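>>> kindly generate the corresponding structure for this input.
(2 chains)
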Amino acid sequence: MSNDILFLAEFVAGTAARSALELATGAAELAGQSGGSAIALAYGPGAAAGAAGLGAHGAVRAIVLGDEDRPAITYAAATVAAVRDTAPLAVLAPATPNGRDLAAALVGTLHVPAFGPVREARVVDGVLETEQSTLQGSVITTARPTDGAPSPSIALVLASTFAPAEGGTASAEVAQAPEAEDSAFGKATIAESHEADAKVVNLEEATIIVAGGRGVGGEEGFAPLHDLAAALGGAVGASRAAADAGWIPYQLQIGQTGKMVKPALYIGAGVSGAIQHRVGMQTAEHVVAINRDPDAPIGEFADLFVVGDLFQIVPALTDEIRRRKGS
Amino acid sequence: MKIVVCVKQVPATGADKRYTDDLRLDRSGVEAIINPLDEYAIEQALRLVDDGSVDSVTYLSMGPEQASEALRRALAMGGDEAVLVTDPALAGADEWATAKVLAAALDRLAPDVALMGMASDDARGSLVPGAVAAMRQVPMLSYGAELKVGDGEARVRRLSATGFDWISAPLPLVATVTDQVGEPRYASLKGIMAAKRKPMQTWSLADLDLPADDLAGGALTRVTDTRPPEEKPPTERIENLPPAEAATKIADWLELRKLI
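Predicted structure coming up:
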C-alpha cells in the first residue's frame, strides 16, 4: 500500500466540476498528513485537456480515465483498475449521484471500508478518520477503519468540505489509465439527452442561496427570490414541495433527495424546514428564515428567524441590500 | 418481465435514536417502517405492472424477523410475493455484507430488474445498489425519475447538470429510482387482506449457500467518538415589525457578519 490519496475528478462540458477542485485541495491536505501524493482520477468531457490544471489546486498526478460524455458509472472498471494499480491509502469521492455510483462499484468489487457522506476527513495514525453528521444533525460521529481492514478507505465527501486552493500554478503530471477489464457497468449508454428550457445553475457551487418553499405559492412567487439572490450575488434553490409543484427545476431542489449544499449564507423564504430539507442545508454557515408561521420547524435551527410575509419582507430586503451596496 | 424490489425496514423518520456509551446506535423501542425512499421503488414497479410491461413483482428484504412486517406492508400495496433473508449472523451487517446477501438472493430470484430506492433513511451512503451490481456483474441504472422496461433493456430518466438524459442498459440489471417517480399508493383495505394470503418465504444464509464465514470480519468501519454539534447561539427572532424595519434589521445582521 502507498500513502497516496486518490480523488475522483469529474469533468462536465469541458471543465472540471467544482467538486474536483475541492477534492484536489482536500486530497493534497490528507496527502500532507500521510506522507503521500494527491492523485486525480479524471473522467468526463474535458478530462484529457484539463487534468493537468488540477495541479493548481493540489494534485501531483492525474490519471485520465476517459474523456467521453457517457454515464459516469461506465468509468467504474477504469476506476477499479486505477485504484488497484496505485494502491492508495484512501479514495475521496464527491457525495453526488455520480460519485456515489463509482464509490459503490469500488466497495462492491474490492470489499473495502466506506464512509459517508462526511463533513471532515483527515489522516490520523496512518489511517483515514472522518466526521459525519447523523441523527438529523444532533450527533457528530468520528469513524475509522477497523484494525486490519483492507485499503483503501473510501470516503463520500460533502460539497464545500474543502475550499479549493486558488492561485496555484503547478501542473499535475498526466498519466494514462491502466488497462481495465471488461465490465457490465460499461453497458449503460445515454440514449437521449434533453436540455432544460432555462439555464440551471449548480447549487453546490453557490456561496449564497435564497431558497423558496411551499409558502412561495407558485412559479411567479419565485420572482422576488430571484431579485434578492441577484442583489446578494447568490443563486435560487427550493424545497421539494416547490420542485414537485413544478415551480422550479428539480436541479435546484435542496435536501435528502436533491442537492446537499453548504453555502456561507442560506436564506429560506416560505420554507417550513422539514427533516428532508434540513439534511440538505443544515451545514450552511448562516441560516436566515422568513416565514409567516411563528412555529415553523425552521425557526428551531435558523440563526435568524423573521416572522412575517415573505412577499413584503423579501422585496424590502432586496431594496435595502441594493441601497447599501450602492447599486 | 420480472422485477424484484429490495425493501429495507428502518426506524421511523425523526424517531428518537441515540448512541450508547459503547458507541453503538440504539434503535430499541423505535417504531419501524418501510424505508420511505423504497416506497417509490415499489410504486414504480407497480406502475409498470399497471401499464402491462411487467408481469410479476417480488419483494426482497434482509433484516431481523420483524422485517416481515415491512414486506407485508409492501404486499398490501400490490405485487405477488416476498422473500425475507434473516440470519443471526447478519446482525450489524455493513453495506458490503448486505450487498453480498442481496446479490446471492437475487441470483436465486433471477429478476430482469432488481429495483431499489435511491438511499436509506438510516445509512445515507447509497452504496448497496452499486455494490450489488458489481457483485452480480450486471449493469446499473441509477437515480431514475422514471423507469421503463421492454425489448431486452431498461431505461431511466435521470437529471443531468443542464436537463435530463434517458440512460439505457441491457437486462438483467440493477436500477434505483428517486422520489420523482410519483407518490406511493396507499394500501387499500382489500390490499391489506389480500397481502395476508400472498406467499412469503424466509431464507437463511444456509439456504443461500452463503457461508457465514464469507461475510466474516464484520464491519470494516467503527465509530470511535460521538459528540454534539458545535454549539450555535440561540435563534434570534424578528417579529411584529413592519416589512421595511424588518428588512433593515436583516440587512444589519447580514452586514455584521460580512455577508453583504
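>>> using the three-state scheme, assign the residue of the stretch 51-200 of chain B found nearest chain A.
Ranking the residues of the stretch 51-200 of chain B by distance to chain A (Cβ to the nearest Cβ) places B:Gly130 first, at 2.4 Å. (C-beta placed from N, C-alpha, C; glycine too.) Taken by DSSP: H, G, I helix; E, B strand; the rest coil, the conformation at B:Gly130 corresponds to helix.
>>> where does it land on pLDDT?
On the pLDDT scale, B:Gly130 is placed at 97.
>>> and the nearest residue to it once chain neighbours are set aside, what does it touch?
Of all residues not flanking B:Gly130 in the chain, A:Ala104 sits nearest, at 2.4 Å (Cβ to Cβ, 6 or more residues apart in numbering or on different chains). Residues counted as contacts of A:Ala104 (Cβ atoms under 8 Å, 6 or more residues apart in numbering or on different chains) are B:126-131, B:133-134.
>>> render the CA-only coordinates of the one helix or strand A:Ala104 maps to in CSV, please.
Secondary structure assignment for A:Ala104, by DSSP states H and E: helix A:97-110. Only the C-alpha atoms of helix A:97-110 are listed here, as CSV (Å, rounded to 0.1, in the frame of the first residue of the first chain):
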residue,chain,number,x,y,z
PRO,A,97,-25.0,10.7,-7.6
ASN,A,98,-22.1,10.0,-9.9
GLY,A,99,-19.5,10.0,-7.0
ARG,A,100,-21.7,7.5,-5.1
ASP,A,101,-22.1,5.3,-8.1
LEU,A,102,-18.4,4.9,-8.6
ALA,A,103,-17.7,4.5,-4.9
ALA,A,104,-20.3,1.8,-4.8
ALA,A,105,-18.6,0.0,-7.6
LEU,A,106,-15.3,0.2,-5.7
VAL,A,107,-16.9,-1.1,-2.5
GLY,A,108,-18.7,-4.0,-4.3
THR,A,109,-15.6,-5.0,-6.2
LEU,A,110,-12.8,-4.5,-3.6
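>>> thinking again about what came up before, most surrounded residue in the contacts of A:Ala104?
Going through those with other Cβ atoms under 10 Å in any protein chain shown as the criterion, the one with the most neighbours is B:Ala133, at 33 neighbours.
>>> picking that back up, does the residue of the stretch 51-200 of chain B closest to chain A touch B:Ser142 like I think?
Yes - between B:Gly130 and B:Ser142 a contact is recorded at 7.2 Å, counting by Cβ atoms under 8 Å.
>>> quick check: neighbours shared by the two?
A shared contact of B:Gly130 and B:Ser142, defined by Cβ under 8 Å, 6+ apart, is any residue touching both; here these are A:73, A:100-101.
>>> okay, those residues in JSON lines with distance to chain B, neighbour count and pLDDT next?
Formatted as JSON lines, the entries for the shared contacts of B:Gly130 and B:Ser142 read as follows, by distance: Cβ to the nearest Cβ, whole Å; neighbours: other Cβ atoms under 10 Å in any protein chain shown; pLDDT from 0 to 100:
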{"residue": "A:Ile73", "distance to chain B": "6", "neighbour count": "27", "pLDDT": "97"}
{"residue": "A:Arg100", "distance to chain B": "5", "neighbour count": "27", "pLDDT": "96"}
{"residue": "A:Asp101", "distance to chain B": "5", "neighbour count": "30", "pLDDT": "97"}
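>>> just put those residues in a markdown table and tack on distance to A:Glu205.
Rendered in a markdown table, the data for those read as follows (distance: Cβ to Cβ, whole Å):
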| residue | distance to A:Glu205 |
| --- | --- |
| A:Ile73 | 23 |
| A:Arg100 | 19 |
| A:Asp101 | 21 |
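>>> and of the residues you listed, the nearest to B:Asp55?
Out of the shared contacts of B:Gly130 and B:Ser142, the one with the shortest distance to B:Asp55 is A:Ile73. That distance is 27.4 Å, counting by Cβ to Cβ.
>>> please tell me I have it right and that closest one contacts B:Met140.
Yes - taking Cβ under 8 Å as the definition, A:Ile73 is a contact partner of B:Met140 at 5.8 Å.
>>> between the two, what contacts are shared?
Common neighbours of A:Ile73 and B:Met140 (Cβ under 8 Å, 6+ apart) are A:101, A:185, A:188, B:130.
>>> wait, which of the shared contacts of B:Gly130 and B:Ser142 is closest to B:Pro242?
B:Pro242 lies nearest to A:Arg100 out of these, by Cβ to Cβ, at 47.1 Å.
>>> nearest residue to the closest one other than its sequence neighbours?
That would be B:Ser126: by Cβ to Cβ, 6+ apart, it lies 4.7 Å from A:Arg100.
>>> also B:Ala97?
Spatial nearest neighbour of B:Ala97, chain neighbours left out: B:Leu215 (4.6 Å); criterion: Cβ to Cβ, 6+ apart.
>>> my guess is the one you found contacts B:Ala89, does it?
Yes - assessed by Cβ under 8 Å, B:Leu215 is found in contact with B:Ala89 at 6.6 Å.
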